[in-house]
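S.K.: Pasted the sequence and its predicted model underneath.
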Amino acid sequence: MRAPRRFLLLALALLPLLACWSQQQEPKPEPKQEQVGDGILMHVLEPDTIPAIDNPQFVSAKEAKAFMHPNEPVLGLFDGKVAKAYSLWHLDRHEIVNDSLPGLGPVAVTW
């Protein structure tokens, strides 16, 4: 009979913690929906939820071989003198890179 009593005491001791935890969990709002043509566009993130990369850091192509896949897709910019490659893997996670090229000035690279 002692095992069930211990379980009951433990359950009673945890009740206030569970009640407190359940009150702290905020319900997630329903995604906003918008009719676009024949489909529905679902807004699941608030604006500015995904941070842009404002000061991108670059390495040489030789250095990039150490960590990039040989067939990894990139988005490239070339102003006639300077070439830059932006990994689509990173753009998938940040969507925008704010950068500049000497011959073009400020650019927003987006995917």
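M.R.: Everything's here; your move.

S.K.: residue closest to the middle of this structure?
M.R.: Nearest to the geometric centre of the chain sits R93, at 4.5 Å (CA atoms, centre = their mean).

S.K.: That residue in helix, strand or coil?
M.R.: Three-state call for R93 (DSSP: H, G, I helix; E, B strand; the rest coil): helix.

S.K.: Provide a list of residues in contact with Q33.
M.R.: Shown in contact with Q33 (CB atoms under 8 Å, 6 or more residues apart in numbering): 40-43. C-beta here means a position set from N, CA and C on the backbone, and glycine is covered the same way.

S.K.: Show me the beta-bridge partners of it.
M.R.: M42 (DSSP bridges).

S.K.: That one and I50, how far apart?
M.R.: Distance from Q33 to I50, counting by CB to CB, to the nearest Å: 20 Å.

S.K.: With D79 instead?
M.R.: As judged by CB to CB, D79 and I50 stand 27 Å apart.

S.K.: Since that was my last question, I'll sign off now.
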